[in-house]
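Undergrad: dropping the sequence and predicted coords here.
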Amino acid sequence: MTAIFLAPVYLGLLLYLLLRLFHWLASFHRRLASRVFRGVLGAGFLLLALTPLGGCLISAGPLHRLLRIVSNFWLGMLLYILLIVGLADILAFVIRKVYQRRGRPFDRRKFCRRAGSLAAAAILLVSAGGLLHAYDIRVHRQDLTVDKACRLPGLRVALIADLHLGYSVGAATMERMVEKINREQPDIVCLAGDIFDNEFEAIHEPERVAAILRKIESRYGVYACWGNHDVKERVLAGFTFRDKKAKEEDPRFLSFFQQAGITLLEDESLLIDNAFYLAGRKDYSKSRKMQEERLTPAALTAGLDADLPILVMDHQPKELAELAAAGVDVDLSGHTHGGQVFPGNLLVPLVWENPVGVWLKDGMYSCVTSGVGVWGPAMRVGTDSEILILDIRFAG
């Protein structure tokens, strides 16, 4: 529903950008201001702008895949077109006023040609750089000290999340991720939700991707919890549609986990090697969409030996105080993407208590990874695609 309400805003912004594009091109030559040229250019611009809608309405087949791939990059590029063109307009207004006050002539045509060219170059550089950077997976490391006794001197956890397997993330990205995880020799791998991107059909060669994930090497195995995108639903420009009916589980998601050798924990906990607990929570948003209950933090840890370390996977970094009060030592999350693209990285701290990284909350470590994959725009600007390695030392 959000996408429908934003549609008039989207159309208005497109009109603004199209007029600015016409103005810039006309500054080079009069022929570029002809009705025929503008008509052809406008039609092409409109087709590109409608790829998100086309990808939503055409729900299957090669054309659907093409539209979704193009629209994912278009949405990211559109963000920087708006930011850079908007900034250029503000600068033009200020410079024109300065010239007027000084009584100097202001050559609007010349300024438009130069400023527009610089803006176009900046848009292309940022967009291309963001696209390439999104697939450069970094390994970040953090040391944690848990004040509890454990038969293990320490535990190396590889925290990954937000794979968003689909149109933007596939086998090649997973191969790089698995190689980097194995190089770190983790004791356990925790996948904190959003393995999928709403559509199982979006995954190209899912059997191959599952086989790649099965190559992850660790002492205790690979465990996962659900994320808010691990549910089948129609998507328009990254937004989903609300439905009064409960969403149904796509059995192919569960089958994929089995093929990939991943153990799914749904409001469940395991005692691993008689040394520590690992629990996985149902996702807050997914549970609401499926109209199912999820355990409270207190109910999740009830019956666990509080003297042993307790690790919890919870896709969204919510209820941190409640988890800490329930005896959780380390909360493992994703979801935020760290904001993914500028200026999102500046805004996520306004929404989340811990937007990204490791933070100590009431004696509990909240560990939030920016994720491996991308959601919506197929780019990262100001954030990293990451594998978060947590070296936990037990000091009880």
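TA: Yep, it's here. Numbers count the residues shown, from 1 in each chain.

Undergrad: from now on I want contacts and neighbour counts done on CA atoms only, so please keep to that.
TA: Fine.

Undergrad: the helices in the chain, which residues?
TA: Here the chain has its helices, by DSSP state H, at 2-26, 35-49, 51-57, 62-101, 108-134, 171-184, 206-213, 251-260, 284-289, 297-301, 320-325, 344-347.

Undergrad: now tabulate those in CSV and tack on distance to G357 and mean neighbour count.
TA: Supplementary listing: these in CSV, determined by distance: least, C-alpha to C-alpha, whole Å; neighbours: other C-alpha atoms under 10 Å:
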stretch, distance to G357, mean neighbour count
helix 2-26, 29, 15
helix 35-49, 35, 14
helix 51-57, 32, 19
helix 62-101, 24, 17
helix 108-134, 18, 17
helix 171-184, 18, 17
helix 206-213, 24, 18
helix 251-260, 27, 15
helix 284-289, 21, 17
helix 297-301, 21, 18
helix 320-325, 14, 18
helix 344-347, 12, 15
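
Undergrad: put together CSV for those, with mean pLDDT and distance to A161 on each row.
TA: Output for those, formatted as CSV (pLDDT from 0 to 100; distance: least, C-alpha to C-alpha, whole Å):
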stretch, mean pLDDT, distance to A161
helix 2-26, 85, 25
helix 35-49, 91, 30
helix 51-57, 88, 25
helix 62-101, 91, 20
helix 108-134, 92, 14
helix 171-184, 98, 11
helix 206-213, 98, 13
helix 251-260, 97, 14
helix 284-289, 92, 16
helix 297-301, 98, 21
helix 320-325, 98, 18
helix 344-347, 96, 17
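
Undergrad: in a markdown table: those helices, plus distance to Y220.
TA: Output for the helices of the chain, formatted as a markdown table (distance: least, C-alpha to C-alpha, whole Å):
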| stretch | distance to Y220 |
| --- | --- |
| helix 2-26 | 42 |
| helix 35-49 | 47 |
| helix 51-57 | 40 |
| helix 62-101 | 36 |
| helix 108-134 | 29 |
| helix 171-184 | 13 |
| helix 206-213 | 15 |
| helix 251-260 | 15 |
| helix 284-289 | 27 |
| helix 297-301 | 21 |
| helix 320-325 | 24 |
| helix 344-347 | 34 |
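
Undergrad: quick check: Y80 touching L125?
TA: No: using C-alpha atoms under 8 Å, Y80 makes no contact with L125, being 10.2 Å away.

Undergrad: how far away is the closest residue to K247 other than its chain neighbours from C367?
TA: Nearest in space to K247, with sequence neighbours left out and distances taken as C-alpha to C-alpha, 6 or more residues apart in numbering, is M290 at 4.6 Å. Distance from M290 to C367, counting by C-alpha to C-alpha, to the nearest Å: 27 Å.
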